[in-house]
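1. Okay, here's the prediction I keep looking at, along with the sequence it came from:
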Amino acid sequence: MVANNNGPKIQQEKVTVSAMIYLYCRKQHHSQHHQLCEECNDLLQYAMQRLTMCRFGEEKTTCERCPKHCYRKDYKHKIKQVMRYAGPRMLIYHPTMALRHLYKNLVSR
């Protein structure tokens, strides 16, 4: 694994995942703006750690296209829930981020 992977692509991925988790938590768990419930905060911390330790580093595709899924089964289920809910709504709340992510998903096929 790559230790302390903090390149610009990984940082952008972290921003996108964070926005999705915050959106999900605010709408599904009725958390306050810029605050997460304990469950979502745990998921966010786990996702940040996985991105920092990503073996592909700056060559990373989107998680959906990744050949090696690194999430534990329970976290994988949680992040899928978040992405299913927040993904389509990102076009409304964070359109630039959403389009960048969609483009990255298309070119990494």
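-> Good, I have the coordinates.

2. contacting residues around the residue positioned nearest the centre of the chain?
-> With distances taken as C-alpha atoms, centre = their mean, Val17 lies nearest the centre of the chain, 2.5 Å away. By C-beta atoms under 8 Å, 6 or more residues apart in numbering, Val17 lies in contact with Leu44, Ala47, Met48, Leu51, Ile79. Just so you know, the C-beta spots here come from the backbone N, C-alpha and C atoms, and that holds for glycine as well.

3. roughly how far apart are the last one and Cys63?
-> Note on Ile79: its distance to Cys63, by C-beta to C-beta, to the nearest Å, is 8 Å.

4. Mind listing the shared neighbours of the two?
-> With C-beta under 8 Å, 6+ apart, Ile79 and Cys63 have common neighbours Tyr71.

5. what about the helices in the protein?
-> 8-28, 38-52, 73-93, 95-107 (DSSP state H).

6. Least confident of these, on average?
-> With a mean of 86, helix 95-107 has the lowest mean pLDDT of those.

7. Off-centre distance for it?
-> Helix 95-107 sits 13 Å away from the centroid of its parent chain (C-alpha atoms, centre = their mean, to the nearest Å).

8. How about the contacts made by Lys104?
-> By C-beta under 8 Å, 6+ apart, the contact list for Lys104 reads Thr61, Thr62.

9. Quick check: it vs Gln32, distance?
-> Distance from Lys104 to Gln32, by C-beta to C-beta: 31 Å.

10. hmm, back to that, now, of the helices of the chain, which is deepest in the fold?
-> helix 8-28 (a mean of 18; mean count of other C-beta atoms under 10 Å).

11. Next, the angle from that helix to helix 73-93.
-> Here helix 8-28 runs at an angle of 90 degrees relative to helix 73-93 (axes from the mean of the first three to the mean of the last three C-alpha atoms, to 10 degrees).

12. the inter-axis angle of helix 8-28 versus helix 95-107?
-> 120 degrees.

13. ok, Thr62 touching Asn105?
-> Yes. At 4.7 Å, Thr62 counts as touching Asn105 under the criterion of C-beta atoms under 8 Å.
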